[in-house]
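S.K.: Output the structure for:
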Amino acid sequence: QVQLAESGGGLVQAGGSLRLSCAASGRTFRSYGLGWFRQAPGKERSFVAGISWIDNTYYPDSVKGRFTISRDNAKNTLYLQMNSLKPEDTAVYYCAADPSGRGSASQGGYVYWGQGTQVTVSS
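M.R.: Next up is the predicted model:
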């Protein structure tokens, strides 16, 4: 069982930066793939970034070059550094854990999910 808790969301102006954190419980954190997803009002939840258990990273084109996912296994914490934020990045951001270790874009592989943190980017 893994419990996830996001933090770091907030209101930021376009062009600004935020860093999200996701604190995880559980001794097997280092073997999990981890991911960030987001859901804007009226839209489906979508993939933002993923990191495998061996630190391979994955991004969709919409955030590539602006967002960076990283993990600190010693602290059981996942991060998402978001730079050059745009109003279209406004959403609730969720972290998730994939027991297979892949950390891919497929939501079906993620078993554990956090409650989400709101990110609002003003224009």
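
S.K.: quick one: buried residues of the helix or strand encompassing L20?
M.R.: Using DSSP states H and E, the element containing L20 is strand 18-24. Across strand 18-24, burial judged by 16 or more other Cβ atoms under 10 Å covers 18, 20-24. For every residue, glycine as well, the C-beta is placed using N, CA and C.

S.K.: Could you do stretch 45-58 as well?
M.R.: Using 16+ other Cβ under 10 Å as the test for burial, stretch 45-58 gives 45, 47-53, 58.

S.K.: what comes up buried for stretch 32-45?
M.R.: So stretch 32-45, judged by 16+ other Cβ under 10 Å, has buried residues 32-38, 45.

S.K.: Can you list phi and psi of the closest residue in space to Q13 that isn't next to it in sequence for me?
M.R.: Take Q13 and drop its neighbours on the chain: the residue closest to it by Cβ to Cβ, 6 or more residues apart in numbering is S122, 5.4 Å away. Torsion angles at S122 (phi, psi; degrees, to the nearest 10) stand at phi -90, psi 150.

S.K.: show me the residues around S122 that make contact.
M.R.: Contacts for S122 were tallied using Cβ atoms under 8 Å, 6 or more residues apart in numbering; they are 11-14, 87.

S.K.: ok so, going back, strand partners of the strand holding L20, parallel vs antiparallel please.
M.R.: According to DSSP bridges, strand 18-24 forms sheet pairs with strand 4-7 (antiparallel), strand 77-82 (antiparallel).

S.K.: Check these for me and report the most buried one.
M.R.: The highest mean neighbour count among these, using mean count of other Cβ atoms under 10 Å, belongs to strand 77-82: a mean of 22.
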